[in-house]
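Participant: Any chance you could fold what I've pasted below:
(chains A and B)
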Number of protein chains: 2
Amino acid sequence: MNNRGQTASATPGNTKPTPEEHLAAITELIAQCGNWPSIEEIAVVDALGRALATSVPAPYDSPRFSNSQVDGYALSHAALERLPGVFSVGNDIPAGTDPAAVYPQGIDPENTGEMIVPIMTGAKVPEGTAVIVRVEDALPPEFPGTVVREPAEATGNRAATTTDSGEPASARREIVAAQAGQFVRQQGIDSSAGDIIVEAGEVLTPTAIAALAFQGVPIVQVRARARVLIATGGAEVAEIGELDTEAGSAIIPDANFPMLAAQARRYGLEPVGRVHIDDDVDKLATSLQQAIEEYHPDLVVTSGGISKGKYEVVRQLLADGSDAWFGAVSQQPGGPQGYGSFAGVPCVCLPGNPVSSLVSFRLFVAPAVGVAPDPIEVIATEPLTGLADKDQFLRARLEYSGGHVRARIVSGPGSHLLQQAVAADALVRVPAGATINARQRVWAYPF
Amino acid sequence: MNNRGQTASATPGNTKPTPEEHLAAITELIAQCGNWPSIEEIAVVDALGRALATSVPAPYDSPRFSNSQVDGYALSHAALERLPGVFSVGNDIPAGTDPAAVYPQGIDPENTGEMIVPIMTGAKVPEGTAVIVRVEDALPPEFPGTVVREPAEATGNRAATTTDSGEPASARREIVAAQAGQFVRQQGIDSSAGDIIVEAGEVLTPTAIAALAFQGVPIVQVRARARVLIATGGAEVAEIGELDTEAGSAIIPDANFPMLAAQARRYGLEPVGRVHIDDDVDKLATSLQQAIEEYHPDLVVTSGGISKGKYEVVRQLLADGSDAWFGAVSQQPGGPQGYGSFAGVPCVCLPGNPVSSLVSFRLFVAPAVGVAPDPIEVIATEPLTGLADKDQFLRARLEYSGGHVRARIVSGPGSHLLQQAVAADALVRVPAGATINARQRVWAYPF
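Facilitator: Next up, the predicted model:
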């Protein structure tokens, strides 16, 4: 079935599909042909940039237990009522120590309010705590003594401490004032057990990884990276390092494989192998078959060999398939496009000019199977005139200032002007027939 | 030498360094201690996201030779002058074929203007070409015959073709009009030999990789990724998978190692190893020494153990060094900071709260040794009130619409509110004492 038929352009007199229609057709082709996306389980620590396949609920409240926000002293309710006052100082609660091991009945079981308890940042707040006062807000503003601790292995009790200062461990501290609840991070104030930490579909950032790890989640289910086999070439194209540097050669180096492999990585895909296209359709069939058997790609991306020439081997190989379409999309550059399947693997067929290939991968491959940024509205820095009958995608550099995003066009429209596109970090879309003034808004597709 | 002394805050009555001063001090520490950045040579195809160490000049003009932009016919000057007219059709020039092999004297050595020459997209333009006419602009609008070529190996000449259509190879084509020079991509129109393709310091994008590959550049010199040893822990922190899930435990999972490792990767660094910090300074010294010998890091990043508590082992280990500084930076979160060196390796010491650590890595580690986005001015979506005496960095989500970038605050100021920060993709800086209205501009630091 040719799924292009289901998405024919609705524009009267214009039978070329729009970029959106072409993307939809490719997305459908991949859904019909492929096994992608499969799901894999990976360690949270290795999951940067991966798209979560299933939402992860929090196993615990966060914080998991009420804990101290500072290094300071825990005061009971009775002690709080005695402020301002002078207090004796109890045994420490270091971080990582269960306070119930040090104060089984809580810090002030008899409500005398005479003693305060040193507690370190992150330590679990002991039973009976009303408030925590920072160490620097007591007088004198240090903890009593410098602690010398036996190795934890030897004592088995992290609270077993002695002091080596001249000051007795029974030192006293004066505290003037405090507000109820201060410096206590309450259990569950960040989130509750059962809350979704990260939703399915979200791309994992360092913060998301931290939130998952903070909940003790070691493994997550993510979408597998699409495995992409990249076919580039044309008889005039040599692989890097094979270039004949003799003057007069009509051979050019292959810019497309390195570019498409980099784009694949940029958008979260895995380039698994390459196929060189020369101008022989049978050889292409053989090498594609071999590479598919070797690499098991989810997708083949080709560049070149799809337009009106005599040696359009990609089109010749694929165009007769029942799910194939080759033609022109209503855009420039990247008008010639195609898709089909080979040995059951979906094939997205991009034009061969490097800039056309770059633009097409960004618009059709990245959003179909990768992680691509959403288009954003930006401000044009110069007047732009659209083509009569198709949308134009200009290479541009986004500039941020004063709360605005502006797009500065960095290259002419020619699809061979690769060098001039180096500074680009986005495509700017100029609609067919549009006249855009400087400072008017246009849509940009960030790379 | 303590380089903090050189960058003391100039603000009267405020001796805390600003975030900028702290970054400058860390940058200087790394310059003094480390061998980073070293330079390494890597294949262009693997260089995505790497910072170029040396500018790369173009070895060739781009395009390297004048070539056809379309599938069409090359016309001589004499043929162009005969328009409108009917022409005989010569032998093909496929892409990759040196036209001098097919037309040693050029396409029209006798200036008869009677013959036109089929030429494919990307093929080198033959001597004597004035203009190229698209195949679809001639009548009939196809090339004569479907080409059947012998395998290139057999003939040794890619231009040796025969046709299998009923139409004789001597078919004629009518052409009505053309403009001088059309559809010829002139040699050097994109850039000239010797032009810099990519400047030193630039981060390589897919487009830059394509431009380098298009010039046949196989290898580039890039800055080595900084090798980072990450030390996290605290006695209350367990590694993922080692968490005691029993109720009442005072142990929390280690969010910081996965987060800092992900941040390192995000900003182009290489996390090479980890060290667990517990609350024993001698054990920390031993494990740090062992890890430095094993992993040869350029930099150690620690989190926790640097504030006012009794068990601040990182500070205890490093603070006496001649190049060390531990204190408070004028910001929140991430006020407590430190640096020093150990076994000759610079150590950047971040606070232990996950959000403080996240903020600090973004502000101090990423720009010092990694590839961090520049701060941008954005528009606040709600009123923001600064703290009295220090700058505040709020977690925010950037929203793009109508040519504007707005920052929506997604979490409270608490450095323990990790879950609420998951959606953040930037930090918003609220200066000390500032009152910012909705729709006013603030600076954002994109993650």
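
Participant: so what's the residue positioned nearest the centre of chain A up against?
Facilitator: Geometric centre of chain A, nearest residue: A:G49, 3.5 Å, by CA atoms, centre = their mean. Contacts for A:G49 (CB atoms under 8 Å, 6 or more residues apart in numbering or on different chains) come out as A:203-204, A:268, A:371. Glycine gets a C-beta too; all of them are placed from N, C-alpha and C.

Participant: Wait, a helix at it?
Facilitator: No - applying DSSP: H, G, I helix; E, B strand; the rest coil, one finds A:G49 to be coil, outside a helix.

Participant: re earlier: so which of the contacts of A:G49 would you say is closest to chain B?
Facilitator: Sorting the contacts of A:G49 by how near they are to chain B, with CB to the nearest CB, puts A:L204 at the top with 7.8 Å.

Participant: give the contact list for that closest one.
Facilitator: Per CB under 8 Å, 6+ apart, neighbours of A:L204: A:47-52, A:198, A:212, A:220, A:222, B:262.

Participant: Report how many residues lie close to the closest residue to A:A79 other than its chain neighbours.
Facilitator: Nearest residue to A:A79, sequence neighbours excluded (CB to CB, 6 or more residues apart in numbering or on different chains): A:G113, at 4.1 Å. A:G113 is flanked by 19 other residues according to other CB atoms under 10 Å in any protein chain shown.

Participant: State the distance from A:G113 to A:S68.
Facilitator: Between A:G113 and A:S68 the distance is 19 Å, computed by CB to CB, to the nearest Å.

Participant: so where's chain A uncertain?
Facilitator: A:1-14, A:146-170, A:235, A:239-249, A:412-417 (pLDDT under 70).

Participant: Could I get the full set of helices for it?
Facilitator: A:19-33, A:77-81, A:99-102, A:152-155, A:206-214, A:256-266, A:281-295, A:313-318, A:354-360, A:366-369 (DSSP state H).

Participant: how about TSV for the ones you listed, with mean neighbour count added?
Facilitator: As requested, the helices of chain A are exported to TSV (neighbours: other CB atoms under 10 Å in any protein chain shown):
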stretch	mean neighbour count
helix A:19-33	19
helix A:77-81	18
helix A:99-102	18
helix A:152-155	12
helix A:206-214	28
helix A:256-266	27
helix A:281-295	16
helix A:313-318	24
helix A:354-360	28
helix A:366-369	23
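
Participant: Need those helices in JSON lines (columns: distance to B:D98).
Facilitator: Converted to JSON lines, the helices of chain A look like this (distance: least, CB to CB, whole Å):
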{"stretch": "helix A:19-33", "distance to B:D98": "36"}
{"stretch": "helix A:77-81", "distance to B:D98": "92"}
{"stretch": "helix A:99-102", "distance to B:D98": "84"}
{"stretch": "helix A:152-155", "distance to B:D98": "78"}
{"stretch": "helix A:206-214", "distance to B:D98": "53"}
{"stretch": "helix A:256-266", "distance to B:D98": "22"}
{"stretch": "helix A:281-295", "distance to B:D98": "21"}
{"stretch": "helix A:313-318", "distance to B:D98": "21"}
{"stretch": "helix A:354-360", "distance to B:D98": "22"}
{"stretch": "helix A:366-369", "distance to B:D98": "37"}
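
Participant: longest single strand anywhere in chain A?
Facilitator: strand A:391-401 (DSSP state E).

Participant: Buried residues, it. List them.
Facilitator: Residues of strand A:391-401 classed as buried: A:391-398, A:400 (neighbour count, 16 or more other CB atoms under 10 Å in any protein chain shown).

Participant: could you redo these as a markdown table and give each row distance to chain B?
Facilitator: Converted to a markdown table, the buried residues of strand A:391-401 look like this (distance: CB to the nearest CB, whole Å):
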| residue | distance to chain B |
| --- | --- |
| A:D391 | 19 |
| A:Q392 | 16 |
| A:F393 | 13 |
| A:L394 | 13 |
| A:R395 | 8 |
| A:A396 | 12 |
| A:R397 | 11 |
| A:L398 | 10 |
| A:Y400 | 4 |
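
Participant: how near is A:S356 to A:I39?
Facilitator: Relative to A:I39, A:S356 is positioned 34 Å away (CB to CB).

Participant: now swap in A:A238 and tell me
Facilitator: Distance of A:A238 to A:I39, given as CB to CB: 40 Å.

Participant: So the two - more neighbours on which side?
Facilitator: A:A238 (19 against 10).

Participant: Which residue is the nearest non-sequential neighbour of the more buried one?
Facilitator: In space, A:A238 is closest to A:I251, 4.9 Å off (CB to CB, 6+ apart).

Participant: Got phi/psi on that neighbour?
Facilitator: The phi/psi pair for A:I251 (degrees, to the nearest 10) reads phi -100, psi 140.

Participant: Pretty sure it sits against A:E236.
Facilitator: Yes - A:I251 lies in contact with A:E236 (CB atoms under 8 Å); the separation is 5.9 Å.

Participant: and for the two, which residues touch both?
Facilitator: B:G96.

Participant: For A:S303, the count of nearby residues, please.
Facilitator: 31.

Participant: pretty sure A:A231 contacts A:V275?
Facilitator: Yes - using CB under 8 Å, A:A231 is in contact with A:V275, at 4.0 Å.
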